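Peer 1: Coordinates for the following, if possible.
(one chain, ligands or ions: 1)
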Amino acid sequence: MTSPSAIKWSANQLALLDQRILPNRIDYISYSEPLAVADAIRSMVVRGAPAIGIAAAYGMALAAQQFANKPMANAADWKQALQPARAALADSRPTAVNLFWALERCDRAIEEHGSRDLVTALCQLAEQIHAEDIEINQRIGDFGASLIPANSIVYTHCNAGALATGGYGTALGVIRSAHRDGHIRGVIAGETRPWLQGARLTSWELMSDGIPVTLAIEGAAAHLMREQRPSWIIVGADRVAANGDAANKIGTYNLAIIAKYHGVKVMVAAPTSTFDATIDGPQIPIEQRPSEEISHSFGQRIAPENVAIANPAFDVTPADLIDAIVTEHGIIHQPDRAKVLAHLQAAAQQ
Ligand SMILES: CSC[C@H]1O[C@H](OP(=O)(O)O)[C@H](O)[C@@H]1O
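Peer 2: As a prediction, this is how the structure comes out:
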């Protein structure tokens, strides 16, 4: 049994698996309002860079449906009508660049179709982005798996699985493909405070696929790298910058430093839609999330009132701590600016 899809679209209705209550409850929430989709992204009903981009594209399709019976003379009319929905979706989470990449693809569809049947075009575009992502993840998985030695233990952080994407996953896509090839002896999944994507989502996904997984607290990472000698740390990304730095869930930078000390290799698995060639790592916007995610645990206060709290949702791992960035177009070994830009240029020509 594999984990259910994070995103469902049928009869022009969007349903999102509520990832805030997994794995204890499997509930989908239906959406017809684009502003509600923006809230779902902000509150992490749906999360994970590629899944956020797919949800935003469906949000724009829902927005267009609201104007299906209104006279629109041209693309400018449509852009004006859809602007509130686009603005709300763009404002939902700042770090995952797939969100902005998907909205820009919707912008191009609006320009291209103008007053013709834009509703159908945006629905088809969202479905295309969704279907493409699954195929992309399978390619990332196979490229990444080619790097995993036989009999490997690997370590992963957060959830870059089917639940964070259109399906199959990026980091978990590599693990799924390597397990299919018989190269995975075990996976260590870091719990990933405060939202516990590792404990609640990655453990659940891997167990659903029959992949041996051991859940650990993040504080055990150095000990486990020394004792169990994983071959790779395999993570996803929310944004890969032009210089090869990668933003991912908070704690990834820690793991990369520990990995360097212990001679463990670090792999970032991400589609080229997660790359942002316009900035370098230090310029990546880091989302600061609500303090309550740290001061409370499942509704119970665990920290004193008024304690100062830092809750950055992501950190940036410098390229010199990354051994490989794996995309749907191949592998960037020992990434740097020149290699990243060459990879993106070659990808654009395919
Ligand atoms: C392939 S998803 C990438 C990324 O998304 C997760 O963040 P969040 O759960 O806050 O959306 C995490 O950083 C994953 O690695």
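Peer 1: Check what pLDDT T278 gets.
Peer 2: On the pLDDT scale, T278 is placed at 97.
Peer 1: Once you drop chain neighbours, what's closest to it?
Peer 2: Using C-beta to C-beta, 6 or more residues apart in numbering and skipping the chain neighbours, the partner closest in space to T278 is A242 (7.1 Å). C-betas here are computed from N, CA, C, even on glycine.
Peer 1: can you pull the contacts of that neighbour?
Peer 2: Residues near A242 by C-beta atoms under 8 Å, 6 or more residues apart in numbering: 276-280, 337, 340-341.
Peer 1: What about those residues, which are in helices?
Peer 2: 337, 340-341 (DSSP state H).
Peer 1: Using neighbour counts, pick out the buried residues of the helix or strand encompassing A64.
Peer 2: Assignment of secondary structure by DSSP states H and E places A64 within helix 49-65. By 16 or more other C-beta atoms under 10 Å, the buried positions in helix 49-65 come out as 49-65.
Peer 1: out of the residues you listed, who's near the ligand?
Peer 2: Residues of these in contact with the ligand (C-beta under 6 Å from any ligand atom): 49-50.
Peer 1: Name the next helix or strand following the strand or helix carrying E127 along the chain.
Peer 2: E127 belongs to helix 118-145 when assigned by DSSP H and E. Downstream of helix 118-145, the next assigned helix or strand under DSSP H and E is strand 152-157.
Peer 1: Identify all contacting residues around that following strand.
Peer 2: Residues outside strand 152-157 that contact it (C-beta under 8 Å, 6+ apart) are 148, 171-172, 175, 178, 183-190, 192, 198, 202, 218, 221, 224-225, 228-235, 248-249, 251-252, 255, 264.
Peer 1: Strand 152-157 and the helix or strand following it, what's the angle between them?
Peer 2: Sequence order places helix 171-180 as the next helix or strand after strand 152-157, per DSSP H and E. For helix 171-180 against strand 152-157, the angle by axes from the mean of the first three to the mean of the last three C-alpha atoms, to 10 degrees is 160 degrees.
Peer 1: what packs against the next helix or strand after helix 171-180?
Peer 2: Past helix 171-180, further along toward the C-terminus, the next helix or strand under DSSP H and E is strand 184-190. Under the contact definition 3 or more C-beta pairs under 8 Å, 6 or more residues apart in numbering; DSSP states H and E, strand 184-190 sits against strand 152-157, helix 171-180, helix 203-208, strand 213-216, helix 221-228.
Peer 1: Turn those into TSV, including distance to the ligand.
Peer 2: TSV is the format used below for those (distance: least, C-beta to the nearest ligand atom, whole Å):
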stretch	distance to the ligand
strand 152-157	7
helix 171-180	7
helix 203-208	12
strand 213-216	16
helix 221-228	15
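Peer 1: Give me whichever of these is most buried.
Peer 2: Greatest average neighbour count among those goes to helix 171-180 (a mean of 27), per mean count of other C-beta atoms under 10 Å.
Peer 1: How far does it sit from its chain's centre?
Peer 2: Taking C-alpha atoms, centre = their mean, to the nearest Å, one finds helix 171-180 lying 16 Å from the centre of the chain it belongs to.
Peer 1: swap in stretch 14-31?
Peer 2: In terms of C-alpha atoms, centre = their mean, the centre of stretch 14-31 is found 17 Å from the chain centre.
Peer 1: What parts of the stretch 151-300 of the chain come near the ligand?
Peer 2: Residues of the stretch 151-300 of the chain found near the ligand (C-beta under 6 Å from any ligand atom) are 158, 160, 164-165, 170, 197, 235-238, 248-249.
Peer 1: Which positions within stretch 343-350 qualify as buried?
Peer 2: Residues 343-344 are the ones in stretch 343-350 that count as buried (16+ other C-beta under 10 Å).
Peer 1: and what of stretch 156-167?
Peer 2: Going by neighbour count (16+ other C-beta under 10 Å), the buried part of stretch 156-167 is 156-167.
Peer 1: Where does the closest residue to S146 other than its chain neighbours sit: helix, strand or coil?
Peer 2: Nearest non-adjacent residue to S146, counting by C-beta to C-beta, 6+ apart: I331, 7.7 Å away. Applying DSSP: H, G, I helix; E, B strand; the rest coil to I331 yields a three-state assignment of strand.
Peer 1: what about the nearest residue to A81 once chain neighbours are set aside, distance to A150?
Peer 2: Of all residues not flanking A81 in the chain, F67 sits nearest, at 5.0 Å (C-beta to C-beta, 6+ apart). To A150, F67 is 56 Å away according to C-beta to C-beta, to the nearest Å.
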